[in-house]
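# Here is my input, please return the structure:
(2 chains)
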Protein chains: 2
Amino acid sequence: MNLAAPFLLFIGDVPDALAAKTAQGVVDWRPERCIGQNRLPGCGADLGIPDMSIADAVDAGAKTFVIGAVNAGGVLPPHWTSAILEALNAGMDVASGLHVKLESIPDILAAAEKNNCALHNLRHPKQSFETGKGTKRSGRRLLAVGTDCSVGKKYAALALERDMTAVGLKAEFCATGQTGILIADRGVALDAVVADFISGAAEWITPETDPNTWQVVEGQGSLFHPSFAGVTLGLLHGSQPDAFVVCHEPTRTTMRGVPTPLPSIQQVIDQTIAMGQLTNPEIRCVGICINTSALDESAAKKLLEDTGTAHDLPCIDPIRFGADRIVNELKRIYPEAA
Amino acid sequence: MNLAAPFLLFIGDVPDALAAKTAQGVVDWRPERCIGQNRLPGCGADLGIPDMSIADAVDAGAKTFVIGAVNAGGVLPPHWTSAILEALNAGMDVASGLHVKLESIPDILAAAEKNNCALHNLRHPKQSFETGKGTKRSGRRLLAVGTDCSVGKKYAALALERDMTAVGLKAEFCATGQTGILIADRGVALDAVVADFISGAAEWITPETDPNTWQVVEGQGSLFHPSFAGVTLGLLHGSQPDAFVVCHEPTRTTMRGVPTPLPSIQQVIDQTIAMGQLTNPEIRCVGICINTSALDESAAKKLLEDTGTAHDLPCIDPIRFGADRIVNELKRIYPEAA
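Alright, predicted model coming up:
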């Protein structure tokens, strides 16, 4: 993408932290790229970094105004538009993960042209893709899959990349969604690709590489989510993972946004192997990542231990306790890449 | 879509019948809507209907100029553009299944506006969709799935609709691709929908209906095709079929366009049930449809009988021998809809 850093993160007047999770993801994983947050009166989220006006941020060196929040309804409200115009007139580029294209709003397009600033639409890939080919590429691939949407797949992949790199493995995070793209500065928002090209775009994201480099791929959706399973399957086929981790949120009872019950972790393992074998016959599960943030520490540790024992796999909360147990499992199973 | 009939089917100078299969599909299933074919010098396909100039077709009442062929590379060659302009200047609407939007070509847009003619881009749905909900809708649904792409799913669904209607069942074909849309005059080209909305678009195509009406849904791709399985899965989840037929082409050894081996019919049955249960726990296979056009009659009949016996299911070639055995199976299993 070549987004110019540092960023001023704009979260408008969103009601809660969930609506600002794109900006929070950038703060959590790339704090060095975040110079401050810009909020409007009534904002219910706080990224935990300094509040800054647009003028002050530019004085401090901010290069890109990142719209790191989603607005209910997906439209751009007028009072957000005026903040974007102010940023452009102050000379900043603008990056957005909204569905609407920035240049479709005439005032924004005019201000960007007048000030010679770039407009980045993270959900609208500029490149065109071929259909997936399914042929084996060199390199190792690790995919985060989930029992549901929004269970921590991106954070698990980022923690794995971090902890793999820390012990000397060659690992690179591959982004498949807008927040991941802001963190990695490259990638494709798979959910916005035309359906015929999902697996082709996933192949583009995870190209042929050094045989012992791990591409750690951000997952999307769930094979068991009735809204998004097509994206999940195209990503599984296109990324042809050697290994996968199953991500899970233990307090969830129905799939996000729909009344469908959650699948079991074992169902996800079995179905991922059954479908993933099409493009990688060696696919295997190497661990389970549970988001235990709703549990106290002793309950969390017990759940991790019990779940790991039940599945005979390393079971971790990679954010709370680190990812080294799965990293060790990767070193054990794939010694040539260690 | 509200395409004005009758059609003049334009197939340009395509090299063979395969490249004209969209037009052939309309001739095969809606001959009453086809007034003639329009071909350029060197055309290697013949739809078996009268050749007509644009002027003669308009005199005979033609209302829509249908581009029923695909050009290698997916671009619109200049000598096709001039035929389209001639049709518009003669007062016909134009319908196209090409990837390129007709109005993106300035001369075509200008001619359409000047002559007040409609431009129909079959692959670019005008409506926007919601994400899939996965909730059960009233009505019966029968989906054609396949061991591969281009194995006869659309023809099987159309033959089933025809033969179901002939014995008094309430059946309506639901189109999911450009040729199907030309035949049904409605539907959505699922492969052109944004990935997040595949199952939502499939739900839109198969809305709640009378409990005893069968929606006979055109399939797309294959759960085992590494390029297109995401579309197939989104269609399976969104259309929530009660029943499905597996379509197969017995001379195929690798999946269309890729070196992946073909799955067995049993693998397709098992995986379709495993994944389809998410949105319809009652999903079941009701028959097998084999395209036997490459076999002589006795070999065809033997293959159908052997395959049917092996799977304990009615096994037919619905184009060559009719679909009544599967229709009878539907009446037996679902007597309330018969």
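
# Tell me if I'm right that A:Gln267 and A:Phe224 touch.
Yes - at 7.1 Å, A:Gln267 counts as touching A:Phe224 under the criterion of Cβ atoms under 8 Å. For glycine as for every other residue, the C-beta is placed from the backbone atoms N, C-alpha and C.

# The two: which is more packed in?
Ranked by neighbour count (other Cβ atoms under 10 Å in any protein chain shown), A:Gln267 and A:Phe224 place A:Phe224 first, with 23 against 15.

# Okay, that one and chain B: tell me how far apart.
6 Å (Cβ to the nearest Cβ, to the nearest Å).

# so how far is A:Asp148 from that residue?
Relative to A:Asp148, A:Phe224 is positioned 8 Å away (Cβ to Cβ, to the nearest Å).

# what does A:Ala274 give?
A:Ala274 is 19 Å from A:Asp148, by Cβ to Cβ.

# Looking only at neighbour counts, state which of the two leads.
Remark: of A:Ala274 and A:Asp148, A:Asp148 carries more neighbours, 24 against 16, as counted by other Cβ under 10 Å.

# what are the phi and psi angles of the more buried one?
phi -160, psi 180 (degrees, to the nearest 10).

# Which parts of chain A are helices?
A:21-29, A:54-59, A:78-89, A:106-115, A:153-166, A:178-184, A:198-205, A:229-239, A:265-276, A:297-311, A:324-333 (DSSP state H).

# out of those, nearest to B:Ser138?
helix A:229-239 (23.1 Å; Cβ to Cβ).

# just checking, what packs against the closest one?
strand A:140-146, helix A:198-205, strand A:213-217, helix A:265-276, helix B:198-205, helix B:229-239 (3 or more Cβ pairs under 8 Å, 6 or more residues apart in numbering or on different chains; DSSP states H and E).

# In contact with the residue of the stretch 51-200 of chain A found nearest chain B, which residues?
Going by Cβ to the nearest Cβ, chain B is nearest to A:Gly134 of the stretch 51-200 of chain A, at 2.9 Å. Contacts for A:Gly134 (Cβ atoms under 8 Å, 6 or more residues apart in numbering or on different chains) come out as A:Ser199, A:His237, A:Gln240, A:Leu278, A:Thr279, B:Pro226, B:Ser227, B:Met255, B:Val258, B:Pro259, B:Thr260.

# Pull the number of nearby residues for the residue lying closest to it once chain neighbours are set aside.
Once flanking residues are discounted, A:Gly134 sits nearest to B:Pro226: 2.9 Å by Cβ to Cβ, 6 or more residues apart in numbering or on different chains. The local packing of B:Pro226 (other Cβ under 10 Å) involves 26 other residues.

# near chain B, which residues of the stretch 101-250 of chain A?
Counting by Cβ under 8 Å from any Cβ of the partner chain, the residues of the stretch 101-250 of chain A close to chain B are A:131-135, A:190-196, A:198-200, A:223-224, A:226-235, A:237-238.

# Buried subset of these, written for ChimeraX?
Restricted to buried positions by 16 or more other Cβ atoms under 10 Å in any protein chain shown, the ChimeraX selection for these reads:
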select /A:131,132,133,134,190,191,192,193,194,195,196,198,199,200,223,224,226,227,228,229,230,231,232,233,234,235,237,238
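
# Tell me how far A:Thr309 lies from A:Ile288.
11 Å.

# out of the two, which sits in the more crowded spot?
A:Ile288 (25 against 10).

# which non-adjacent residue is nearest the more buried one?
A:Cys315 (4.3 Å).

# tell me the contacts of that neighbour?
A:Gly287, A:Ile288, A:Cys289, A:Ile290, A:Leu304, A:Glu305, A:Thr307, A:Gly308, A:Arg325 are the contacts of A:Cys315 under Cβ under 8 Å, 6+ apart.

# Try it again at 7 Å.
A:Gly287, A:Ile288, A:Ile290, A:Leu304, A:Thr307, A:Gly308 (Cβ atoms under 7 Å, 6 or more residues apart in numbering or on different chains).

# pLDDT score for the fifth one?
Going back to what we said before, that points to A:Thr307. We have a pLDDT of 98 for A:Thr307.

# Please identify the deepest-packed of the helices of chain A.
Among the helices of chain A, helix A:229-239 has the highest mean neighbour count (mean count of other Cβ atoms under 10 Å in any protein chain shown), at a mean of 30.

# Show residues contacting that one.
Here helix A:229-239 has contacts from A:132, A:134, A:141, A:143, A:176, A:190-191, A:195, A:198-203, A:206, A:217, A:219-223, A:272, A:275-276, A:278-279, B:195-196, B:198-199, B:226, B:229-231, B:233-234, B:237, using Cβ under 7 Å, 6+ apart.

# mean confidence for it?
98.

# That helix vs helix B:198-205, what angle?
Following axes from the mean of the first three to the mean of the last three Cα atoms, to 10 degrees, one obtains 140 degrees for the angle between helix A:229-239 and helix B:198-205.

# okay, the angle between helix A:229-239 and helix A:265-276?
60 degrees.

# quick one: which of the contacts of A:Cys315 is nearest A:Ala17?
The closest of these, once distances to A:Ala17 are taken by Cβ to Cβ, is A:Ile290, at 20.5 Å.

# Do I have it right that the closest one meets A:Asp317?
Yes - in this structure, A:Ile290 is within contact of A:Asp317 by Cβ atoms under 7 Å, at 5.5 Å.

# Between those two, point out the one with more neighbours.
A:Ile290 (26 against 23).

# who does the more buried one bridge with?
Note on A:Ile290: beta-bridge partners by DSSP bridges are A:His248.

# what sits against it?
Per Cβ under 7 Å, 6+ apart, neighbours of A:Ile290: A:His248, A:Pro250, A:Leu303, A:Leu304, A:Thr307, A:Cys315, A:Asp317.

# I figured the fifth one hits A:Ile288, correct?
What it means is A:Thr307. Yes - A:Thr307 is within contact range of A:Ile288, at 5.9 Å (criterion: Cβ under 7 Å).

# what residues are shared contacts of the two?
A:Ile265, A:Cys315.

# what about A:Glu336, neighbour count?
7.

# quick one: pLDDT of the nearest residue to A:Ala83 once chain neighbours are set aside?
With sequence-adjacent residues excluded and distances taken as Cβ to Cβ, 6+ apart, A:Ala83 is closest to A:Phe10, at 6.1 Å. A:Phe10 carries a pLDDT value of 98.

# how close does A:Phe10 get to chain B?
24 Å.

# I'd guessed A:Ala189 sits against A:Asn121; true?
No - checked against Cβ under 7 Å, the pair A:Ala189 and A:Asn121 is beyond contact range at 9.2 Å.

# ok, the spatially most central residue of chain A - contacts?
Residue closest to the average C-alpha location in chain A (Cα atoms, centre = their mean): A:Gly180, at 3.7 Å. Shown in contact with A:Gly180 (Cβ under 7 Å, 6+ apart): A:Lys154, A:Gly187, A:Glu218.

# can you redo those residues as CSV with distance to B:Leu76?
Converted to CSV, the contacts of A:Gly180 look like this (distance: Cβ to Cβ, whole Å):
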residue, distance to B:Leu76
A:Lys154, 40
A:Gly187, 32
A:Glu218, 37
